[in-house]
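[1] only the shape, not the letters, is given here:
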DNA sequence: GCAATGAGCGTC
DNA sequence: ACGCTCATTGCT
């Protein structure tokens, strides 16, 4: 029971000093009659200041200082932005409280759900609340805020199942949504163009239960399809699309209409994972393996993790997946958090294309040269036949994935002696190999100048497009990738060359697809190479009409190729997760990366009370962080050398069993907090569940 | 004896 | 981070 009167807020009875400092007349600064203390999340990016601070609310600002509103406060003498988290009768702070400098606006921009979520995300990723709030709440736009948002429309009727009927558990899942139950699905979408409509039906079923939906997709191309499907399912005005490329006013207008509850369905790219949808009933994440879903700003939260956290905290349903299946979602299934939602074999057979490999390890080993004549012709013959009745998709790895080679002297591009395809250095081998037929060119010499040394050049999709143009002179060749992404192509015959993720949708499906240079994708030195390659293949192959041909240019014996042929993404992911368990790699374990100058990394690791089971790998020199200094250090003075070494960028990995993940994050978070006031050795960056490990 | 310069701590 | 505090030092 707090004592009555204005002096109840800690020792915060306003002294003459604070009255004078706040600038107003003394009368203006009487503390509010009702709950005179505001708990404020101040926008200070320092780990050791990551907690609420109490301020006195002036009586005149009391009505506006609602929980969630933006305020300006004086902090350490400086003006800082903040959000009011709460109003309270009194403070535990033993010192004198300052007044709020200003209530920026009474709009409760930070909802209780998002405030709690942001705290949980910060804790999960060993980051600060301020960093997460900057990702979660868009900048204010005063003019937009002044305008009212339109009233909410009534919820729609329970929708028909539509193409969800193809999934044995589809109707059950929709019924759970319509009943407001928090069903959580690991979705293996059937190949084809139906997935946006399926998301729209799920959102409509959730809306029928009077609850809202957050939908996150990797890029604007996917978002356009979901947008169209939502409009088709629910009519206009029932949803908004949130993307980074809207102007500040439009972005804030749409975001406000979600926050104010006048729109119940929010679809968007990564940042929309924090959309403050009212009465959250469903979170949807499409293609959760796409690396665009990992936030690039501290504390680097991943949309899958944030949405799963939201669903969990709100008792909402979840629909997470795509054509591919990630090991992370497989982990959620293994943990019993989500249930698989997939078509049965018959439905898969009816929807999937026919996948054939264009290379076979045994054949390659037996006679590379003989095979070489057949291989390009299989791909080209398939394309030629298919072009008679529609467009053909050609997927080519992005520029930079392939290191093609040219003569070291005259720069003539090196070509295969057998089939004249481009030679490249694939994977870690230093022997040039043909991109088309795989023949090894051990004794290469330049056909123009006879030089026997070669140099690497970068090649990619644009060059392939040129070459295909020559192979099909009467057919239009279109290119999608990089800065020129095409969303959709018509049903007319065309060769459509695209980089992974930039494949246009064909209006009536592709007549065939060629997945080129598979070994370049599979040979990448990454833990995820197999999983990631299969995901890219499945996403391209899913655009092909049922039962039409997909030619994959990789060794048929590889598990990823087999999984594509059998259209079994979940089986592949399960085996992959088993392997990660054997090797103690994520997501079977939790990992954190600590990087920065060697001394800072050492100090952080030393200050960190790691869980007993934690295993520190490294630190090792961090190649990502920048070029190594010159190697002529032998002349340098010893003292200089030591200085250099301690400031060299390094990276350490910390591995713990999954059950210790929370303890790991907590340990790193508090180590940052004790270290952050001093920065004598520079600062170390902490990243939990880093996207790239190797 | 105390003013100028610097590490350390708290920030409501 | 920033500013305020106290300590140390150097000089009147």
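    Yep, that arrived. Worth saying up front: this structure is predicted, and the values here are computed from it rather than measured.

[2] next, count neighbours for residue A:290.
    Residue A:290 has 24 neighbours, counted by other Cβ atoms under 10 Å. (Each C-beta comes from the backbone N, C-alpha and C, glycine too.)

[3] got the phi and psi for it?
    The phi/psi pair for residue A:290 (degrees, to the nearest 10) reads phi -70, psi 130.

[4] how about it, nearest residue that isn't a chain neighbour?
    residue A:218 (3.8 Å; Cβ to Cβ, 6 or more residues apart in numbering).

[5] and the one you found, that one's in a helix?
    No - Residue A:218 is assigned coil when assessed by DSSP: H, G, I helix; E, B strand; the rest coil, not a helix.

[6] my guess is it meets residue A:286, correct?
    Yes - the criterion here is Cβ atoms under 8 Å, and residue A:218 meets it with residue A:286 at 7.1 Å.

[7] rewinding a little: which residues does the residue nearest to residue A:290 contact?
    A:269-270, A:286-287, A:290, A:292-293, A:501 (Cβ atoms under 8 Å, 6 or more residues apart in numbering).

[8] what about it, distance to DNA strand B?
    Distance of residue A:218 to DNA strand B, given as Cβ to the nearest atom of the strand, to the nearest Å: 39 Å.

[9] then residue A:574?
    With Cβ to the nearest atom of the strand as the criterion, residue A:574 and DNA strand B are 48 Å apart.

[10] need the per-residue pLDDT for that residue.
    Listed pLDDT for residue A:574 reads 98.

[11] in what helix or strand does the nearest residue to it once chain neighbours are set aside lie?
    Leaving aside its chain neighbours, residue A:574 sits nearest to residue A:330 (5.8 Å; criterion: Cβ to Cβ, 6+ apart). Taking DSSP states H and E as the definition, residue A:330 sits inside helix A:327-334.

[12] now swap in residue A:500 and tell me
    With DSSP H and E as the criterion, residue A:500 is inside neither a helix nor a strand.

[13] can you pull the contacts of it?
    Contacts for residue A:500 (Cβ under 8 Å, 6+ apart) come out as A:395, A:397-398, A:521, A:536, A:539-540.

[14] most neighbours among the residues you listed, which one is it?
    Neighbour counts for these (other Cβ under 10 Å) peak at residue A:395, which has 31 neighbours.

[15] what pLDDT does that residue get?
    For residue A:395, the predicted pLDDT is 91.

[16] what residues does the residue positioned nearest the centre of chain A make contact with?
    With distances taken as Cα atoms, centre = their mean, the residue of chain A nearest its centroid is residue A:293 (1.1 Å). Applying Cβ under 8 Å, 6+ apart to residue A:293 gives the contacts A:216, A:218, A:270, A:285, A:287, A:302-304.

[17] so which of these are in strands?
    Of the contacts of residue A:293, the ones assigned to strands by DSSP state E are A:216, A:285.

[18] so which of the contacts of residue A:293 comes closest to residue A:142?
    Relative to residue A:142, the closest of the contacts of residue A:293 is residue A:270; by Cβ to Cβ it sits at 26.0 Å.

[19] tally of neighbours for residue A:165?
    When neighbours are defined as other Cβ under 10 Å, residue A:165 has 12 of them.

[20] against residue A:42, how distant is the closest residue to DNA strand B within chain A?
    Proximity of chain A to DNA strand B (Cβ to the nearest atom of the strand) peaks at residue A:76, 2.9 Å away. As judged by Cβ to Cβ, to the nearest Å, residue A:76 and residue A:42 stand 10 Å apart.

[21] skipping adjacent residues, who's closest to residue A:85 in space?
    Using Cβ to Cβ, 6+ apart, the nearest residue to residue A:85 is residue A:39, at 4.6 Å.

[22] wait, residue A:268
    Per Cβ to Cβ, 6+ apart, closest to residue A:268 is residue A:242, 3.4 Å.

[23] I'd say that neighbour and residue A:270 touch.
    No - Residue A:242 is beyond contact range of residue A:270, at 9.8 Å (criterion: Cβ under 8 Å).

[24] how many neighbours does whatever residue of the stretch 301-450 of chain A ends up closest to DNA strand C have?
    Closest contact between the stretch 301-450 of chain A and DNA strand C, by Cβ to the nearest atom of the strand, is at residue A:301 (23.4 Å). Residue A:301 has 28 neighbours, counted by other Cβ under 10 Å.

[25] for it, what are its contacts?
    A:121, A:124-125, A:132, A:135, A:273, A:295.

[26] how near is it to residue A:132?
    Distance of residue A:301 to residue A:132, given as Cβ to Cβ: 7 Å.

[27] repeat that for residue A:544.
    Distance of residue A:544 to residue A:132, given as Cβ to Cβ: 41 Å.

[28] go on, residue A:187?
    Going from residue A:187 to residue A:132 by Cβ to Cβ gives 27 Å.

[29] cool, residue A:203 as well?
    Residue A:203 is 25 Å from residue A:132, by Cβ to Cβ.
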